[in-house]
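Visitor: sequence first, then the predicted structure:
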Amino acid sequence: MEDQGHESFAAFDVAYSMAAERAAQDLRRPSLATVTSSKASLKRWLAGEVVPRGDNAVVLEYWLGEPVTSLMQPAPHRVVLPRFPADAGRESARALNETYAGATLWPAGPIAGSGGVWLFGGRHLFDRAAVSVQFYAADRRRDALLVGRDDLPHLRSFIEPRRRALVLAVPGSADGEVYVLDAAEARRQLEVTVDRLPVPAAYRLDALTFALLWALCNLDGSLQDDDHVIAGEQETVDAFSHLARSAPGRSAVPALSRVGAAWMGMRHCAQHVLRHLRPSARSPLFWTRVRDAEHAAGWLFFASWPEYIATLGERFRAGSAGARRVVVLPDTAVEEADTHERILMFLTVALMEAHSVPTWVCGDADHSGRSAFVLQPDEQVVVADWQGEDHLWHTDALHARGDLHAYADVLQRAHDSALTVSESPRERLLALADHLELDWTWLTSRCRELADYGLSGLLRPRSHRLSVAAVHQALAFVGTLVQQPSQARESVTRDVRERSPA
């Protein structure tokens, strides 16, 4: 009706009567010539409340050329095609598959590089996630890229469905840069602007932002799928809470994804530690293993981790010696990891340092099979591990003198062979970055840039079991370690003095 200019009843009534007369002649049914409608009927038809029947249906089908069943369906969205980015922008889009080994872009637009589905792959834990993406040409303006007015009709149609999607802005220059915005943030922005969409320069796609998107999209997709299963199995899981020792197999909750099982395992282990760790004059010593980047993402994004750390911090704030942590990060896992995976490993250790817990990283693969535990010297060992191959978790509480000595010896040997041996958190993380072959200057600067701007427009968890609070804390902490020019000069001077002969 709108397309033909007949949305008002006056225009509709004239056109409908003329259509009825033509239908009577062409269909050889004279009675149709006297068929009429009313304003109330038209209103109900347009609202989808009443389906036209009898002669009214015949006239409408003759006039509009569609069956009544089709006419009464919800109106389809108009197809709005995007403007294709310039050649340089399309080349940037095509280059994503070569740049980021952890994902594959499947072009679905009329021209490769205009839109498609980004498939984020996985190795051990992640089940892979598919995210809709759309590229838009953008102009540079100070600290943002602007998607202009001409693209807003298509942009609005792209972000309207309430699913995870990414808006990718590409400048017209041949610098190969791409900038990312979550579709939910784009919807929010377009509620207050009508002529452009700003995409922050801080959200440029690089190894850091890709690492965070890769982890969040995989975790979020699996946990949303598992939502009903986790809620339904809560009673089964709670039955283990009163046991000092338990190790249920994955088969106990077969419907869970691997990510869902990891979330459930971490949550139970955190509760187990908090139940068994007693206030003590001596602070606990932690043994933590990080199997790979996908498990590292659990510490960064699972909402149960910040809650656990906050409670633990309150309980041992008065500890005289201060907590310490050994992190086992096997060299074998590092060697097979891509850059974005090594960044997640680094941020996980940085998060632990951010909580004022000195952390030493051990790369010895011989230690990688030992379950995570917490040692309260001369009191107890609390085993709590959620990264086993075949179990949801492995928890225990040991008090025998022999066990205490054995676990203390393991901690000491790992500490003695640690890759990071400095008493300064900055020096420890610097040594870790060097071991992971990460550019320290670039990484600390980018972490500070992202932390200063905020993550809400880039990382939007859909599952309530995820949070970006810990990620932001890790980024902010690393950002504080950026070396100032004065510090750099002092470092060079000190290095020269140390190397000069007496």
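Guide: That came in fine, so what should we check first? Numbers count the residues shown, from 1 in each chain.
Visitor: next, the buried residues of the strand or helix carrying residue 58.
Guide: Element membership for residue 58 (DSSP states H and E) is helix 54-64. By neighbour count on 16 or more other Cβ atoms under 10 Å, the buried set for helix 54-64 is 55-63. (C-beta placed from N, C-alpha, C; glycine too.)
Visitor: do stretch 125-144 as well
Guide: 125-126, 129, 131-138, 144.
Visitor: so which of the residues you listed comes closest to residue 353?
Guide: residue 125 (23.7 Å; Cβ to Cβ).
Visitor: how about the closest one, secondary structure?
Guide: The three-state assignment at residue 125 reads coil, by DSSP: H, G, I helix; E, B strand; the rest coil.
Visitor: residue contacts, it?
Guide: The contact partners of residue 125, by Cβ atoms under 8 Å, 6 or more residues apart in numbering, come to 258-259, 262, 292, 294-295.
Visitor: could you dump the buried residues of stretch 125-144 to TSV with pLDDT?
Guide: Formatted as TSV, the buried residues of stretch 125-144 follow (pLDDT from 0 to 100):
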residue	pLDDT
125	92
126	93
129	92
131	93
132	91
133	91
134	90
135	88
136	89
137	86
138	88
144	91
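Visitor: quick one: the strands in the stretch 51-200 of the chain?
Guide: Assigned strands in the stretch 51-200 of the chain, in chain order: 103-107, 115-120, 129-141, 144-147, 165-171, 179-182, 197-200 (criterion: DSSP state E, counting those that start in this stretch).
Visitor: neighbouring strands - and their directions - for the first one?
Guide: Read it as strand 103-107. Using DSSP bridges, the strands paired with strand 103-107 are strand 115-120 (antiparallel).
Visitor: can you tell me how far residue 134 is from residue 156?
Guide: Distance, residue 134 to residue 156, using Cβ to Cβ, to the nearest Å: 11 Å.
Visitor: one more: residue 297?
Guide: Separation of residue 297 from residue 156 (Cβ to Cβ): 32 Å.
Visitor: which of those two has more residues huddled nearby?
Guide: Taking other Cβ atoms under 10 Å, residue 297 and residue 156 do not tie; residue 297 has more neighbours (28 against 14).
Visitor: how about the more buried one: what's its closest non-neighbour residue?
Guide: Nearest non-adjacent residue to residue 297, counting by Cβ to Cβ, 6 or more residues apart in numbering: residue 215, 3.8 Å away.
Visitor: give me every residue that touches the one you found.
Guide: Neighbouring residues of residue 215 by Cβ under 8 Å, 6+ apart: 293-294, 297, 300-301, 344.
Visitor: neighbour-wise, which one of those leads?
Guide: When neighbours are counted by other Cβ under 10 Å, residue 293 leads the contacts of residue 215 with 30 neighbours.
Visitor: ok, that one touching residue 345?
Guide: Yes. Using Cβ atoms under 8 Å, residue 293 makes contact with residue 345 at a distance of 5.7 Å.
Visitor: rewinding a little: which pair in the contacts of residue 125 spans the largest distance?
Guide: Across the contacts of residue 125, no pair lies farther apart than 259 and 292, at 13.2 Å, counting by Cβ to Cβ.
Visitor: more neighbours, those two?
Guide: residue 259 (27 against 21).
Visitor: now do the helix or strand encompassing the residue nearest to residue 297 and strand 129-141, the angle between them.
Guide: Using DSSP H and E, residue 215 maps to helix 207-232. Counting by axes from the mean of the first three to the mean of the last three Cα atoms, to 10 degrees, helix 207-232 lies at 140 degrees to strand 129-141.
Visitor: before we move on, back to that, so which of the contacts of residue 125 belong to strands?
Guide: If you go by DSSP state E, the contacts of residue 125 have nothing in strands.
Visitor: quick one: which of those residues is nearest residue 370?
Guide: Once Cβ to Cβ is applied, the member of the contacts of residue 125 that ends up nearest residue 370 is residue 295, at 14.8 Å.
Visitor: skipping adjacent residues, who's closest to that closest one in space?
Guide: Distances taken as Cβ to Cβ, 6+ apart place residue 387 nearest to residue 295, at 5.3 Å, with adjacent residues excluded.
Visitor: which ones are touching the one you found?
Guide: With contact taken as Cβ under 8 Å, 6+ apart, residue 387 is in contact with 262, 265, 289, 291, 295, 372.
Visitor: save those residues as CSV, and put in distance to residue 437 and pLDDT too.
Guide: As requested, the contacts of residue 387 are arranged in CSV below (distance: Cβ to Cβ, whole Å; pLDDT from 0 to 100):
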residue, distance to residue 437, pLDDT
262, 27, 94
265, 30, 93
289, 21, 90
291, 20, 90
295, 20, 94
372, 26, 93
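Visitor: could the residues you listed go into CSV alongside neighbour count?
Guide: Listed next are the contacts of residue 387 as CSV, based on neighbours: other Cβ atoms under 10 Å:
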residue, neighbour count
262, 24
265, 25
289, 21
291, 18
295, 20
372, 23
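Visitor: out of the residues you listed, who's nearest residue 71?
Guide: Using Cβ to Cβ, the contacts of residue 387 come closest to residue 71 at residue 262, 50.3 Å.
Visitor: what about that closest one, distance to residue 283?
Guide: Distance of residue 262 to residue 283, given as Cβ to Cβ: 27 Å.
Visitor: mind jotting down where the strands sit in the stretch 201-350 of the chain?
Guide: Under DSSP E, counting those that start in this stretch, the stretch 201-350 of the chain gives strands at 285-289, 324-328.
Visitor: wait, I meant the stretch 351-500 of the chain
Guide: In the stretch 351-500 of the chain, the segments counted as strands under DSSP E, counting those that start in this stretch are 359-362, 373-376, 380-385, 394-398.
Visitor: closest to residue 456 out of these?
Guide: Smallest distance to residue 456 across these (Cβ to Cβ): 28.1 Å, for strand 359-362.
Visitor: now find how far off-centre that closest one is within its chain.
Guide: 27 Å (Cα atoms, centre = their mean, to the nearest Å).
Visitor: numbering from 502 from now on, please.
Guide: Okay, using 502 as the starting number, the last item reads as strand 860-863.
Visitor: show me what that strand is in contact with.
Guide: The contact list for strand 860-863, computed with Cβ under 8 Å, 6+ apart, reads 825-830, 850, 853-854, 915-916, 918-922, 929, 933, 936.
Visitor: buried only: go through those residues for me.
Guide: Neighbour-count burial (16+ other Cβ under 10 Å) applied to the contacts of strand 860-863 gives 825-830, 850, 853-854, 915, 919-921, 929, 933, 936.
Visitor: which residues of the protein score low on pLDDT?
Guide: 504, 577-591, 608-615, 674-675, 695, 782, 817-823, 985-1003 (pLDDT under 70).
Visitor: how about the contacts made by the most centrally placed residue in it?
Guide: Geometric centre of the chain, nearest residue: residue 717, 1.8 Å, by Cα atoms, centre = their mean. Residue 717 is in contact with 802, 960, 962, 967, 969, counting by Cβ under 8 Å, 6+ apart.
Visitor: residue 721 now?
Guide: By Cβ under 8 Å, 6+ apart, the contact set of residue 721 is 630, 665, 962-964, 967.
Visitor: cheers, nothing more for now.
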